[in-house]
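Q: okay, predicted coordinates and the sequence, questions at the end:
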Amino acid sequence: MKSSFVFFFLMSEIVTNIHPTPQAPLLYPYGLDQGDRKNPKLDDGTSKRLPLSVPFTFYGKEYRTLYVNNNGVISFDTQVKQYTPDPFPLADGRAFVAPYWGDVHNVLGGEIYYRQTTDPELLQLITHNINQYFPAIPFTATWAFVATWDHVAYYDSKSNKGNTFQAALTTSTDTSFVILNYKDIQWTTGVASGGDPKTGLGGTPAHAGFNSGDETNYYNIPGSRTEAVINITKTSNVNVPGRWVFQVDDFKVTGVPTETPNSAADKRCWL
């Protein structure tokens with residue numbers, strides 16, 4: 001079991017009492033009836049290496065393969081079996097999207113689904129969402145990759161708690177976005193990361209954000225690696241509770257305070 005360094009960020013509070021308007025379900029369609037595949041029932045497991053039908057640009061670099069890792073991470077070119085989240089930026093060159101990096105144990109409960117798709121109906125919905133949130137950026141989705149963690153349990157759980165969240169990667173060929181959806185978050189920490197087996201709380205909580213792999217650039221969704229991450233279903237940068245959306249080809253922070261640290265240089269100002 002690897003140890004992790006406890007690290008705290010000072011960050012501006014995101015309003016949590018957003019009142020949703022009537023809308024379509026937060027999560028994009030998923031499951032076997034959507035053509036999804038499932039990850040193995042395995043502690044710290046991952047998908048096989050998944051070749052992408054189109055390149056996906058992340059922090060200025062094109063990637064053609066990725067892994068869906070059970071512990072709440074979509075990584076490019078390399079697996080991530082680590083279960084206790086470390087603070088960003090990482091010093092080992094791993095580039096990944098972390099919808100909810102924590103110690104998932106799908107043997108005890110839940111499923112992890114994924115698919116890449118050019119389904120016109122889904123792409124039309126994603127295009128509508130991006131155009132709504134970013135009206136100044138011309139965008140038409142031509143491809144998407146959707147990964148969903150459905151009511152997944154935490155390591156050594158002694159409860160029925162489960163987390164349901166999703167990441168959608170999408171591109172127009174020129175511009176790439178990541179949409180993170182959080183439907184139900186009931187736990188933050190597995191027992192091997194210091195959490196309580198009955199509550200799934202305490203220890204080193206889950207991390208949500210982006211690590212570029214260049215040891216400098218990164219972004220943490222506010223509350224990451226603190227107990228406040230359990231409230232991520234109530235926060236947003238696009239005024240939709242439980243949804244966070246970012247342009248990631250040339251990473252831009254939108255809809256959140258600019259003083260939130262998003263690079264190593266910024267971070268030093270907050271220590």
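A: Ah, there it is.
Q: model confidence over stretch 174-193, on average?
A: What stretch 174-193 shows for mean pLDDT is 98.
Q: next, the distance between the ends of it.
A: Its first and final residues considered, stretch 174-193 spans 39 Å by CA to CA, to the nearest Å.
Q: kindly report the same for stretch 70-78.
A: 14 Å.
Q: helix, strand or coil for the nearest residue in space to Y133 that is not next to it in sequence?
A: Nearest-residue entry for Y133: V238, 4.4 Å, with adjacent residues in sequence omitted and distances by CB to CB, 6 or more residues apart in numbering. Glycine gets a C-beta too; all of them are placed from N, C-alpha and C. Secondary structure for V238, judged by DSSP: H, G, I helix; E, B strand; the rest coil, is coil.
Q: contacting residues for V238?
A: Under the criterion of CB atoms under 8 Å, 6 or more residues apart in numbering, the contact partners of V238 comprise Y133, W244, V245, G255.
Q: one more: V73?
A: Counting by CB under 8 Å, 6+ apart, V73 touches V80, F96, V97, A98, P99, W101.
Q: and it, what are its bridge partners?
A: Note on V73: beta-bridge partners N69, judged by DSSP bridges.
Q: distance of it from N39?
A: 12 Å (CB to CB, to the nearest Å).
Q: same thing with N237?
A: Distance, N237 to N39, by CB to CB: 28 Å.
Q: what about those two, which has more around it?
A: Using other CB atoms under 10 Å, the more surrounded residue of N237 and N39 is N39, with 22 against 18.
Q: what about the residue nearest to that one when sequence neighbours are not counted, how many neighbours?
A: With sequence-adjacent residues excluded and distances taken as CB to CB, 6+ apart, N39 is closest to I112, at 3.9 Å. Other residues within reach of I112 by the criterion other CB under 10 Å amount to 25.
Q: and what of the one 4 residues further on?
A: The burial metric for Q116, expressed as a neighbour count using other CB under 10 Å, is 19.
Q: just the strands in the stretch 51-200 of the chain please.
A: Listed in chain order, the strands found in the stretch 51-200 of the chain under DSSP state E, counting those that start in this stretch are 61-69, 73-76, 96-101, 111-117, 143-152, 163-171, 176-184.
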